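[1] Attaching a predicted model along with its sequence, questions to come.
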Amino acid sequence: MAFQHDAPFVIIGASGDLTYRLLMPAIFRLYQAGKWKSPVVGYSPDNWGNQDFHDHIEHGLKEFVAEYSSQAWARFRPLLSFHRGELTGQDFSALADIIGSGSAVFYLALPPTLFGQAGQALAEAGLNRAPEGFRRLVVEKPFGHNLKTAQELRQALHQGWQEEQIYRIDHFLGKETAQNLLVFRLTNRFLESIWDAEHIRSVQITYAETLGLEGRWRYYDQAGALRDMLQNHLMQLFTLVAMDPPATWAADSLHNHKTEVLRAVRQIPPHRVDRFAVRGQYTQGRIGDRAVPGYREEPHIDDSSTTETFAALKLRVDNWRWHGVPFYLRSGKRLAQDYAEVAIQLKEVPRGLFGQGRENWLVFRMKPDETIDMVMWAKEPGLELNTRRRVLSTPYKREEEMEYSAYEQLLLAVAQGDRTPFPRYDEVEESWRIVDPVLQAWTQGQPEAYEAGGQGPAGQTRLMDEHMAWRRIGETDRDTP
Ligand code: BG6
């Protein structure tokens, strides 16, 4: 693959929060690591010149890049320029002179309601094609608000852009532990032979946050936890666990396999949503020693809001590999701890010669630490044949190792034309198909209240199959004392 990344990188929405907090810090860090050479063109309707743009970005870099140095900034700054314009074909056409006839990337750092309009206007200005090189369009999440609007957005974008030109951001796919999930699974011989319904009893994917709204009320109160976390991020983690191994490491092969497993997820019946999905909303409580308000008491939130701040799903996969294995996905705000993991529960051995309840787990932990843990059983020293739990745990990286943030990984992948870490449209559509009946059912009724700082709504246990339980948020696996 050609390592081509000096093509101009145009950020549409250059004065926004995403550019300030995430994109430019990631680009600057890549630059400092010698991995970024592209000129960056900031585009927005603000009445700015280059100097205003530079000052704004410099301010953000000082705040968000720990390794910021003024020498590096002085070298980096000439790469940045600003162009003022609206999201119209006419205004965009002025960009043609700036970027020339070669390759370029357009990043839509915009509110989601503007993705379609911006993509179409870029195409109208002829920026979707280059006589000498590639043109790529990067679209942030969320891609649609439900199945119907995702289909509409696809239609709007596909009028001017080929699917191969579109890079949809799901920053979880740029996370080290998400990438490692696939690498670990597909590199270690012993795993594939147990990676099925014969050996695996259940899979639990948890992404628990202590954070609340963090000023994002405008977006979050419309979205809720199911759209914000499960439809995209957790569903992607699910596909990495459940997909069949692709024959080659090529984007389309990978996406075909991911789509296939998503298609195998059983439709949640609209009249039985409660058996497959649980929602909750936090009330006031404590995070550590800090008292926090309930969701309905948050600034700008209506005191009758029914937005869910916790969502859990049970998925059934109707294929040979996973017949009968439940997949549990859950995520919530204001929970006991920042705690995230993909936990694979193995079936017990057929005859428990040394006791019952000796479960093995393989856990890919993302928070609080990035580790791979295997829960095993071994003999306890002594005269009896007693067992005790031993956790084989390995940190994902060594202390001194450099880690790239999800945005750094993904920006570089866009620049290199590597489509593997970006969901293809059919994956996105299938994910919406899975959650759509739940979204529809949740337009009625109320989420269950749960106290901030706890484990989430009590009702989540109703998703569990017999003799199963949710793992405790905040309690990593430990050796038997
Ligand atoms: C974002 C969600 O996509 O992911 C946020 O909108 C959430 O609500 C965040 O907090 C979690 O990801 P990370 O990488 O910040 O832990």
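    Sure, I can see it. Residues are numbered from 1 along each chain as shown.

[2] Identify the residues contacting whatever residue of the chain ends up closest to the ligand.
    Residue nearest to the ligand within the chain (C-beta to the nearest ligand atom): D228, separated by 4.8 Å. Placement of C-beta: from N, CA and C, glycine included. Applying C-beta atoms under 8 Å, 6 or more residues apart in numbering to D228 gives the contacts P142, Y220, S331.

[3] go on, P350?
    Per C-beta under 8 Å, 6+ apart, neighbours of P350: none.

[4] which SS state does it fall under?
    Per DSSP: H, G, I helix; E, B strand; the rest coil, the secondary structure class of P350 is coil.

[5] Check what pLDDT it gets.
    At P350, the pLDDT value in this model is 90.

[6] so I268 sits in a strand?
    No. With three-state DSSP as the criterion, I268 is coil rather than part of a strand.

[7] Just confirm it contacts A277, I think it does.
    Yes. At 6.9 Å, I268 counts as touching A277 under the criterion of C-beta atoms under 8 Å.

[8] okay, those two: which has more neighbours?
    A277 (25 against 22; other C-beta atoms under 10 Å).

[9] Check the burial of the closest residue in space to K258 that isn't next to it in sequence by counting its neighbours.
    Excluding its sequence neighbours, the residue lying closest to K258 (C-beta to C-beta, 6 or more residues apart in numbering) is T239, at 4.3 Å. Neighbour count for T239, taken as other C-beta under 10 Å: 24.

[10] And the one 10 residues further on, by the same measure?
    Counted by other C-beta under 10 Å, the residues lying close to W249 total 11.

[11] what residues are up against it?
    Contact analysis of W249 by C-beta under 8 Å, 6+ apart lists T420.

[12] just D426 next, same as before
    Contacts of D426 (C-beta under 8 Å, 6+ apart): H255, T259.

[13] One more pass at 10 Å, please.
    Going by C-beta atoms under 10 Å, 6 or more residues apart in numbering, D426 touches R154, E163, H255, N256, K258, T259, E260, L262, R263.

[14] The chain against the ligand: which residues are in contact?
    With the criterion set to C-beta under 6 Å from any ligand atom, the chain comes near the ligand through E209, L211, D228.

[15] let's go with 5 Å and repeat that
    Residues of the chain lying close to the ligand (C-beta under 5 Å from any ligand atom) are D228.

[16] Any regions of the chain where pLDDT drops low?
    Low-confidence segments of the chain (pLDDT under 70): 1-5.

[17] max-length helix in it?
    Ranked by number of residues, the top helix in the chain under DSSP state H is helix 425-441.

[18] what are the ranges of the helices in the stretch 251-400 of the chain?
    Using DSSP state H, counting those that start in this stretch, the helices of the stretch 251-400 of the chain run over 251-263.

[19] For the closest residue to R136 other than its chain neighbours, name its beta-bridge partners.
    The shortest distance from R136 to any non-neighbouring residue, by C-beta to C-beta, 6+ apart, is to V105 (4.7 Å). Note on V105: beta-bridge partners by DSSP bridges are F9, R136.

[20] quick revisit: any buried residues in the helix or strand following the longest helix of the chain, and which?
    Counting by DSSP states H and E, the next helix or strand C-terminal to helix 425-441 is strand 448-451. Neighbour-count burial for strand 448-451 flags E448, Y450 (criterion: 16 or more other C-beta atoms under 10 Å).
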